[in-house]
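can you look at this prediction? I've put the sequence above it.
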Amino acid sequence: MEPNWQLARKRPTLEKRARIIQQIRAFFVERNFLEIETPHRIPANVPERHIDAIPSADWFLHTSPELCMKRLLAAGYDKLFQICRCWRAGERGTTHLPEYSMLEWYRSHSDYHQLMHDCEELFLHLSLDQHISWQGKTIDLSPPWPRMTITEAFLQFSSTPLETALATEKFDSIIALDIEPNLPAYRPFFLTEYPIEHASLARKKPEDPLVAERFELYIGGLELANAFSELTDPVEQQQRFTKEELLRRKEGKPPYPSPAPFLKELSTLHPSAGIALGLDRLVMLFCDQNKIDEVVSFTPEQL
């Protein structure tokens with residue numbers, strides 16, 4: 001009987017994936033980050049309108065390790081990172097899997113500007129000559145990487161004003177259809193300062209309370225990471241959770257419990273910043289693959 005050729009042909013990519021993960025781990029250890037493991041099965045995730053958790057008995061598989069990692073920050077841990085599996089229902093496509101790998105890191109006494117610098121350093125650590133070749137494009141990784149605010153992006157790339165997009169709930173579709181395709185393809189790019197309506201767990205910008213200290217990282221057209229300076233006000237965070245939960249229920253989605261221990265401990269969190277980076281997509285870039293199926297050992301369809 002012949003070996004399973006679909007699995008056998010992935011070996012060079014999976015070997016490179018393993019080396020990339022080893023390099024990532026070394027990068028953070030060298031900078032005195034503590035590698036942490038948190039439970040994958042939890043009683044409550046962050047209630048988010050467009051993210052559905054997968055039930056596990058009467059609890060849920062985590063959609064991100066962020067709540068547990070921020071509780072550790074609030075308990076006095078300084079710099080943390082984690083490489084783990086995450087689960088989100090209904091996520092399947094060229095760059096999506098319902099079970100995927102996430103790299104998250106958090107810094108106490110820091111903000112989102114430091115995380116942008118971390119991203120630049122991490123990719124330079126992984127590259128040999130400050131360039132990567134992906135799908136026929138040579139991407140220049142030399143810092144500093146360009147940045148653009150959401151307000152600037154709407155003015156430059158969208159015929160719909162930002163205020164109208166927010167009022168008519170077209171913000172996400174305009175980002176996906178009008179703005180993302182026009183972002184530079186040959187340079188990593190930070191899209192920054194999201195409107196407060198899309199702040200999630202990010203704090204308001206002191207100089208402009210209408211926006212949040214949040215950014216997303218794009219490289220070669222791929223959305224790689226979501227990051228922000230952390231909101232540390234439990235009252236405001238509960239209000240945001242309540243609003244998201246009401247929107248979920250309005251759309252007929254099942255109710256989610258509130259993450260009470262996280263909210264209780266949030267007030268002891270120092271000014272901090274955290275980032276979630278899609279590890280599978282990072283591997284896609286460095287292995288020059290345009291489909292997430294090619295950089296994981298098994299897809300759901302192969303099981």
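Looks like it arrived, so ask away. Residues are numbered from 1 along each chain as shown.

remind me, longest helix of the protein?
Secondary structure assigned by DSSP state H gives helix 11-30 as the longest helix of the chain.

name the residues that touch the helix or strand just after that one?
Next helix or strand after helix 11-30 toward the C-terminus (DSSP states H and E): strand 34-35. Strand 34-35 is contacted from outside by 25, 28-29, 77-83, using Cβ atoms under 8 Å, 6 or more residues apart in numbering. Where you see a C-beta, it was placed from the backbone N, CA and C, and this is true even at glycine.

per-residue pLDDT, Gln156?
If you check Gln156, the pLDDT there is 96.

contacting residues for it?
148, 182.

how about the helices in this structure?
In the chain, the helices defined using DSSP H lie at 5-8, 11-30, 66-74, 112-126, 150-157, 162-167, 171-174, 234-250, 260-265, 279-286.

export those helices as TSV, with columns for distance to Gly93.
Shown next, in TSV, are the helices of the chain (distance: least, Cβ to Cβ, whole Å):
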stretch	distance to Gly93
helix 5-8	19
helix 11-30	19
helix 66-74	23
helix 112-126	24
helix 150-157	23
helix 162-167	24
helix 171-174	16
helix 234-250	22
helix 260-265	30
helix 279-286	12
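
can you check which of the ones you listed gets nearest to Thr94?
When these are compared by Cβ to Cβ, helix 279-286 sits nearest Thr94, at 9.6 Å.

using CSV, list the CA coordinates for that closest one.
What follows is helix 279-286, C-alpha atoms only, in CSV (Å, rounded to 0.1, in the frame of the first residue of the first chain):
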residue,chain,number,x,y,z
LEU,A,279,0.6,31.6,13.3
ASP,A,280,-0.7,29.6,10.3
ARG,A,281,-0.9,32.7,8.2
LEU,A,282,2.6,33.7,9.2
VAL,A,283,3.8,30.2,8.1
MET,A,284,1.9,30.7,4.8
LEU,A,285,4.0,33.8,4.1
PHE,A,286,7.4,32.2,5.0
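
list buried members of the contacts of strand 34-35 by neighbour count.
For the contacts of strand 34-35, a burial check counting by 16 or more other Cβ atoms under 10 Å picks out 28, 77-83.

what sits against His270?
73, 108-109, 232.

what do you get if the cut-off is 6 Å, keeping everything else the same?
By Cβ atoms under 6 Å, 6 or more residues apart in numbering, the contact list for His270 reads 108-109.

about what we covered before: show me what the longest helix of the chain is packed up against.
If you count contacts as 3 or more Cβ pairs under 6 Å, 6 or more residues apart in numbering; DSSP states H and E, helix 11-30 packs onto helix 112-126, helix 279-286.

tabulate those helices (CSV), appending mean neighbour count, mean pLDDT and distance to Thr149.
Putting the helices and strands packed on helix 11-30 into CSV (neighbours: other Cβ atoms under 10 Å; pLDDT from 0 to 100; distance: least, Cβ to Cβ, whole Å) gives the following:
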stretch, mean neighbour count, mean pLDDT, distance to Thr149
helix 112-126, 19, 98, 12
helix 279-286, 23, 98, 23
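
how close does His150 sit to Pro39?
You called it His, but residue 150 is Ile. According to Cβ to Cβ, to the nearest Å, Ile150 stands 34 Å off from Pro39.

whoops, Ser158 was the one
For Ser158, the distance to Pro39 - Cβ to Cβ - is 41 Å.

what about these two, which has more around it?
Ser158 (19 against 12; other Cβ atoms under 10 Å).

for that one, give its distance to Ala176.
According to Cβ to Cβ, Ser158 stands 11 Å off from Ala176.

repeat that for Trp145.
Going from Trp145 to Ala176 by Cβ to Cβ gives 21 Å.

which one's more surrounded, those two?
Shown here are Trp145 and Ala176; by other Cβ under 10 Å, Trp145 has more neighbours (20 against 11).

wait, what's in contact with that one?
Listed by Cβ under 6 Å, 6+ apart, the contact partners of Trp145 are 120, 188.
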